[in-house]
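Participant: Sequence unavailable; structure follows:
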């Protein structure tokens, strides 16, 4: 390996300031940046042109096993290394994987993203998803079942939150996404471009198994607790997932996997 690595000897080194107190900064935002964590996620980061990386931060004892990853990192991106104790001090907790990167977010309007999609496309639309585990899992499911993009209302949490990226196994970096102000605006943009919208809810009128996939289809999912609003349920076609009558409902991420598989692989 010929790549020059930059050793960090102090947790106060200003060159790795972006990695300091990761958990706290995730909560308040990082001024257009995000944290990528783990080998699989960094492989995705450096295999897509959707995002750029500002730097990489590795634990010293992980470097020997990361030659293939390091070779994929552009020469313009500095790679810092430090001992486990310094890295943990910088991050504010123990970084088990010892592999971090700082990426730069890109902002795209929902309308602009929709206009780039192919004639036949499956889209996931999310309203009020506030749990980062659910967000990451939905992105992973969307990528697994061929979704072309994810659309979010402004009250959804950030798919580029560190935990959401990790749970998505990098799908949040791979799958295009954009935001709309609210569900009504999102639905209008989809309708204007010829999408059939299907709102998924335990109170849905049609069994998901009966749905036939249209060339342009959008699956709309609501929050774990409140679900979709009454207005959304009234103005949009709705579907449910049949399940045992003595149980409440599925987790929204699990429900997304079932519904997306049905739309991806119609019978």
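Facilitator: On my side now, so go ahead. This structure is a prediction, so every number in the text was calculated from the model and none was measured.
Participant: which SS class is residue 102?
Facilitator: strand (DSSP: H, G, I helix; E, B strand; the rest coil).
Participant: Quick check: the gap between it and residue 12.
Facilitator: From residue 102 over to residue 12 the distance is 18 Å, taken as C-beta to C-beta, to the nearest Å. Where C-beta positions appear, they are placed from N, C-alpha and C, glycine not excepted.
Participant: more neighbours, those two?
Facilitator: Counted by other C-beta atoms under 10 Å, residue 102 and residue 12 do not tie: residue 102 has more neighbours, with 19 against 12.
Participant: what residue ranges in this structure score low on pLDDT?
Facilitator: Across the chain, the ranges flagged by pLDDT under 70 are 1-2, 24-30, 248, 266-267.
Participant: Spatially, which residue comes closest to residue 72, not counting chain neighbours?
Facilitator: Nearest residue to residue 72, sequence neighbours excluded (C-beta to C-beta, 6 or more residues apart in numbering): residue 46, at 4.5 Å.
Participant: what's residue 174 in contact with, if anything?
Facilitator: 44, 48, 50, 143 (C-beta atoms under 8 Å, 6 or more residues apart in numbering).
Participant: burial count for the third one?
Facilitator: Right, the one you point to is residue 50. 15.
Participant: Am I right that it sits in a strand?
Facilitator: No: counting by three-state DSSP, residue 50 is located in no strand; its state is coil.
Participant: What does it show for phi and psi?
Facilitator: phi -70, psi -30 (degrees, to the nearest 10).
Participant: And stretch 233-246, how far out from the chain middle?
Facilitator: Relative to its chain's centre, stretch 233-246 lies at 25 Å (C-alpha atoms, centre = their mean, to the nearest Å).
Participant: Redo the contacts of residue 174 as TSV? Include distance to residue 163.
Facilitator: Putting the contacts of residue 174 into TSV (distance: C-beta to C-beta, whole Å) gives the following:
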residue	distance to residue 163
44	16
48	20
50	20
143	17
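Participant: Spatially, what comes nearest to residue 173 if we skip its sequence neighbours?
Facilitator: Closest residue in space to residue 173, ignoring its immediate chain neighbours: residue 44 at 5.0 Å, by C-beta to C-beta, 6+ apart.
Participant: What distance do you get for that neighbour to residue 142?
Facilitator: 14 Å.
Participant: ok so, going back, can you report how many residues lie near the residue nearest to residue 173?
Facilitator: Other residues close to residue 44 by other C-beta under 10 Å number 22.
Participant: so it makes contact with residue 166?
Facilitator: No: Residue 44 is beyond contact range of residue 166, at 11.2 Å (criterion: C-beta atoms under 8 Å).
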